[in-house]
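J.: got a predicted structure plus its sequence, pasted below:
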Amino acid sequence: MSSDKNNRRRPWRHPRNRKVVLPYRTAAAIAVMEMGIRDYRVIAQAVGLSPQEVQRIDRAEDEPVRLLSTLGIPSGEYFKLEKEVRCPKCHARVVLAPCVACHSVSYSTSG
Ligand SMILES: [Zn+2]
């Protein structure tokens, strides 16, 4: 039995895959990475983890992390960030990941 003192929020669950249950911040870090942000320090500040923890998430050693990375963040799911980040694609400053601006653009325009 372990008690995680940092686990103040409920874990995040994938709406369609019961195996994917992750701490909220871990799922948020994956969402930020999906935006194309690769700087561990930027990701860490955005979600409230340490760069080492982000690096570990990026290595996808845990099965739920690997599953979510493969499945991708489901559409309609957004994670509130603790610090705003600049979207590398549209350069908007956002406090939600994935980038809301990019998502709405990708539906209304064709490349
Ligand atoms: Zn964007």
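T.: Right, received. Where do you want to start?
J.: near the ion, which residues of the chain?
T.: Proximity of the chain to the ion, by Cβ under 5 Å from the ion, involves residues Cys87, Lys89, Cys90, Cys99, Ala101, Cys102. In short, each C-beta sits where N, CA and C put it, glycine included.
J.: and the next helix or strand past the longest helix along the chain?
T.: If you go by DSSP state H, the chain has its longest helix at helix 24-34. Using DSSP states H and E, the helix or strand that follows helix 24-34 in sequence is helix 40-47.
J.: next, the buried residues of the next helix-or-strand element following that next one.
T.: Counting by DSSP H and E, the next helix or strand C-terminal to helix 40-47 is helix 51-59. Residues of helix 51-59 classed as buried by neighbour count (16 or more other Cβ atoms under 10 Å): Glu53, Val54, Arg56, Ile57, Asp58.
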